[in-house]
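Predicted model follows, preceded by the sequence.
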Amino acid sequence: MKTVTIYTDGACSGNPGPGGWGAILEYQGHEKELSGGEAQTTNNRMELTAVIRALEQLKEPCQVELWSDSKYVIDALHLGWAKGWRARGWVKSDKKPALNPDLWERLLALTELHSINCHWVKGHADNPKNNRCDELAVAARTAIAAPER
């Protein structure tokens with residue numbers, strides 16, 4: 001099984017507001033950068049989208065080392081919260097509705113294809129790949145917020 005390292009980040013202005021996401025995939029010394037944005041979204045939706053879009057790039061089941069500064073994404077995957085929300089009909093343990101079930105459904109389906117190790121990294125700190133993902137996300141958000149005329 002191939003091992004792919006993925007770094008992701010999301011950015012949003014207003015929350016909700018214009019948002020962007022960025023991802024870097026690394027495999028055997030090769031890198032691929034991805035980014036995109038939405039006009040009306042939230043930071044958490046952009047964090048989820050970054051992971052989804054990165055995993056969608058994989059053409060076969062892989063061992064994935066996922067790095068993100070989103071505790072929401074990392075904890076929900078690593079600690080099994082998202083699977084619990086799905087099992088309860090997208091209701092959290094506190095009986096409140098889980099947010100972003102559409103994206104979680106897509107992400108959980110992708111996690112069933114791959115073996116994923118989740119790693120939380122402090123945002124805006126000393127991880128160059130996470131910082132690059134932040135740059136990609138902010139650039140995508142900026143492009144959405146102020147489109148060229």
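Great, that's in hand.

all contacts plus neighbour counts: C-alpha atoms, from now on.
Fine.

Next up, the contacts around residue 72.
residue 44 (Cα atoms under 8 Å, 6 or more residues apart in numbering).

same thing with the one 10 residues further on?
With contacts defined as Cα under 8 Å, 6+ apart, the neighbours of residue 82 are 76, 104, 108.

For residue 146, state which of these is nearest.
residue 104 (28.8 Å; Cα to Cα).

doesn't the closest one fall inside a helix?
Yes: membership of residue 104 in a helix is supported by DSSP: H, G, I helix; E, B strand; the rest coil.

Would you quantify the distance from it to residue 118?
Separation of residue 104 from residue 118 (Cα to Cα, to the nearest Å) stands at 15 Å.

So those two - more neighbours on which side?
residue 104 (24 against 18; other Cα atoms under 10 Å).

What residues sit buried inside the longest helix anywhere in the chain?
Criterion DSSP state H: the longest helix present in the chain is helix 128-145. By neighbour count on 16 or more other Cα atoms under 10 Å, the buried set for helix 128-145 is 129-145.

Now do the SS call for residue 89.
Strictly by three-state DSSP, residue 89 counts as coil.

for it, what are its contacts?
Counting by Cα under 8 Å, 6+ apart, residue 89 touches no other residue.

Now do it, the pLDDT please.
With respect to pLDDT, residue 89 scores 97.

can I get the CA coordinates of the strand or helix carrying residue 82 in CSV?
Using DSSP states H and E, residue 82 sits within helix 81-87. The C-alpha coordinates for helix 81-87 follow below in CSV (Å, rounded to 0.1, in the frame of the first residue of the first chain):
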residue,chain,number,x,y,z
TRP,A,81,-16.9,11.2,16.9
ALA,A,82,-18.0,11.5,13.3
LYS,A,83,-18.9,7.8,13.1
GLY,A,84,-20.9,8.2,16.2
TRP,A,85,-22.7,11.1,14.8
ARG,A,86,-23.6,9.1,11.7
ALA,A,87,-24.7,6.1,13.8
